[in-house]
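J.: What shape does this take:
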Amino acid sequence: GEMAEPQEMRAVLIGGRELGGIEASGKSSVGNTILGRDVFPTHRRTASCQKAEGEVSGCKITLVDTPGWWWHYSVENTPMFDRLEMTQSLLLCPPGPHVFLLVLPVDSVFPEIYRFALEEHIGAFGKQIWKHMIVVFSATRPFSESTFENHVKNWPDLSWLLKKCMNRYHVLDITNGSDGSQVQTLLYKIAKIMSTEVGHYFEIDSTMYDKRDERRRGAQEKAQQRRLAVQRQRDELKSRMQSNKNSTGDMRLIVVGASWAGRSSAANVILGRNAFEVDEGRTTVRCQVKQNEINERRVTVVDTPGWYYSNPVSQTSETDKLEIKRSVNLCAPGPHAVLLTVPIATAFNRSYKTAVEEHMNLLGEKAWDHTIVLFTRGDWLGDTTVEERIETEEPHLEWLMKKCGNRFHVLTCKNQSDFKQTTELMEKIDEMVAGNGGHYETIDPEVEEKLTVVQNTAKIIRRKVRRQRKILQDFFKGKYKPIYSTVNY
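T.: Sure, this is the predicted structure:
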């Protein structure tokens, strides 16, 4: 029989973000292309669900855009706020969506780790979701059928995904809004799902959503309380500062945090110049000290090696541990503040908490009194507040706030020219110093000696390895190829 044209269509846009390259998956652009106008902002990350409506060829269309997850993250590494927002999307298109549009850039890689991430992140919706899913490949240039087929062949997990969606997919050129036919074809594919016995729409399990909604509302109230508490605390310290004169003197800072938490980038933003080298592929190995004049004050920043974010201190190398300890010596007579970088884009779960606690202990118990949490990747917040995230991410992030006296600051490392964020951070540091009565001093004279011993041992080992390698190479008469382990994070 003839397929009836639907009068109304409700769709939820979902998808992840790729680290490096173009981070956005193009969900918002796909939404704009379908509705034929710019309704979803594409200049910033979608941090909370956005709903938009429109009419296309006489059909009323409701689209809900959702926050993306990192493709290389398991669900437990995705912040709770983002996980709650994703499922919240269903409540914005009652009684439920007809279809989920999973958006992937057409030339994106799709290794096994992405497949696991996908299964975990949509697991919250239940198994039924697969029957309502279409993969939309977002393209920024025309993409031929044969190129696409070759691409799918290269990624077995992409073939798996298409099978799982009963081969329902659509390639959409998001730069070509004037071509209405590509949207018509997509709508036809959606109508086909709606006409099958799976039928009408995806049913919502209301009990789960009520619980989640309650949690969100609770978090919003607590966020407001935290904002007020922080403001009161700052006002009190400001009045103390009137009698404290350090706020015009030098400022010495240590930046610590996990690998890829944006330590070097944050240090550059604070100094207002590219003082420390930043590169996705490299990590800080030795402490580095850089300075700059800011608001007529000399600011010294020490960048330290990071630890693998969920590893306990026992798995961090001896050299790295000694380097972190040595950072205090590098800003004698002692730092005014320890800036602990924590990326907003990553869940602060139990293993992350343990790693932070154990590595911070390297600086001595007193360090916490001088610590400010520096939330990096501020752009991840979009139109949401950091307080809402702290309250949603409980209990571990709440523990962290208690540990450092509720002192935190959000930094967007992408925006180095925004001096306001640095000026405000310096104000917070001055307030803290006034409250503490100065900088803290724990200079460990033995650190340098221990470090020299470790480095000399490493040199001897390196020499031995080089010798053994030479013997092996001779043994294989040039046939020997060194095997490098490649680690993909």
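J.: Which parts of this structure are strands?
T.: Under the criterion DSSP state E, the chain carries strands at the ranges 8-14, 16-17, 50-56, 59-65, 69-70, 99-105, 133-139, 169-173, 251-257, 288-294, 297-303, 337-343, 371-376, 408-410.
J.: Quickly run through the sheet partners of the fifth one, with directions.
T.: Each strand paired with strand 69-70, and its direction, by DSSP bridges: strand 16-17 (parallel).
J.: Report the separation between residue 65 and residue 90.
T.: 13 Å (CB to CB, to the nearest Å). The way it works is simple: take the backbone N, C-alpha and C, and place the C-beta from them, glycine included.
J.: Test of understanding: give the bridge partners of the nearest residue to residue 429 once chain neighbours are set aside.
T.: Closest residue to residue 429 apart from its sequence neighbours, by CB to CB, 6 or more residues apart in numbering: residue 337 at 4.7 Å. Judged by DSSP bridges, the bridge partners of residue 337 are residue 253.
J.: In contact with residue 337, which residues?
T.: 251, 253, 254, 370, 371, 372, 429, 432, 433 (CB atoms under 8 Å, 6 or more residues apart in numbering).
J.: can you do 6 Å?
T.: Contacts for residue 337 (CB atoms under 6 Å, 6 or more residues apart in numbering) come out as 253, 370, 372, 429.
J.: how many other residues sit next to residue 217?
T.: Using other CB atoms under 10 Å, residue 217 has 10 other residues around it.
J.: Look at it and report its pLDDT.
T.: In this model, residue 217 is scored at 84, pLDDT.
J.: re earlier: got the contacts of residue 337 as JSON lines, with pLDDT, neighbour count and distance to residue 200 columns?
T.: Formatted as JSON lines, the contacts of residue 337 follow (pLDDT from 0 to 100; neighbours: other CB atoms under 10 Å; distance: CB to CB, whole Å):
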{"residue": "253", "pLDDT": "96", "neighbour count": "25", "distance to residue 200": "58"}
{"residue": "370", "pLDDT": "94", "neighbour count": "27", "distance to residue 200": "59"}
{"residue": "372", "pLDDT": "97", "neighbour count": "19", "distance to residue 200": "52"}
{"residue": "429", "pLDDT": "93", "neighbour count": "25", "distance to residue 200": "57"}
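J.: closest to residue 194 among those?
T.: The nearest member of those to residue 194, counting by CB to CB, is residue 372 at 52.5 Å.
J.: bridging residues for that closest one?
T.: Beta bridges link residue 372 to residue 339 when assigned by DSSP bridges.
J.: Can you verify my assumption that it contacts residue 407?
T.: Yes - contact status for residue 372 versus residue 407: in contact at 4.5 Å, counting by CB atoms under 6 Å.
J.: now the strands of the chain in JSON lines, with distance to residue 82?
T.: Shown next, in JSON lines, are the strands of the chain (distance: least, CB to CB, whole Å):
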{"stretch": "strand 8-14", "distance to residue 82": "12"}
{"stretch": "strand 16-17", "distance to residue 82": "11"}
{"stretch": "strand 50-56", "distance to residue 82": "14"}
{"stretch": "strand 59-65", "distance to residue 82": "13"}
{"stretch": "strand 69-70", "distance to residue 82": "6"}
{"stretch": "strand 99-105", "distance to residue 82": "16"}
{"stretch": "strand 133-139", "distance to residue 82": "20"}
{"stretch": "strand 169-173", "distance to residue 82": "24"}
{"stretch": "strand 251-257", "distance to residue 82": "21"}
{"stretch": "strand 288-294", "distance to residue 82": "33"}
{"stretch": "strand 297-303", "distance to residue 82": "29"}
{"stretch": "strand 337-343", "distance to residue 82": "13"}
{"stretch": "strand 371-376", "distance to residue 82": "15"}
{"stretch": "strand 408-410", "distance to residue 82": "16"}
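J.: Out of those strands, the one nearest residue 474 is which?
T.: The closest of the strands of the chain to residue 474 is strand 288-294. By CB to CB, the value is 39.2 Å.
J.: How far off centre is that closest one?
T.: 27 Å (CA atoms, centre = their mean, to the nearest Å).
J.: Which neighbouring elements make contact with that strand?
T.: On a contact count with 3 or more CB pairs under 6 Å, 6 or more residues apart in numbering; DSSP states H and E, strand 288-294 meets strand 297-303.
J.: CA-only coordinates of the strand it packs on in PDB, if you can.
T.: Coordinates of each C-alpha in strand 297-303 appear next as PDB, following Å, rounded to 0.1, in the frame of the first residue of the first chain:
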ATOM      1  CA  ARG A 297      53.500  42.600  38.600                       C
ATOM      2  CA  ARG A 298      56.000  40.000  37.900                       C
ATOM      3  CA  VAL A 299      54.200  36.600  37.600                       C
ATOM      4  CA  THR A 300      56.200  33.400  37.700                       C
ATOM      5  CA  VAL A 301      54.500  30.100  36.600                       C
ATOM      6  CA  VAL A 302      56.000  26.600  37.100                       C
ATOM      7  CA  ASP A 303      54.500  24.000  34.800                       C
END
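J.: Spit out the contact partners of residue 275.
T.: Counting by CB under 6 Å, 6+ apart, residue 275 has contacts 268, 290.
J.: backbone phi and psi for it, please?
T.: Backbone geometry at residue 275, expressed as degrees, to the nearest 10, gives phi -80, psi -40.
J.: want to try CSV for the contacts of residue 337, with distance to residue 232 as columns?
T.: Listed next are those as CSV, based on distance: CB to CB, whole Å:
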residue, distance to residue 232
253, 25
370, 21
372, 17
429, 19
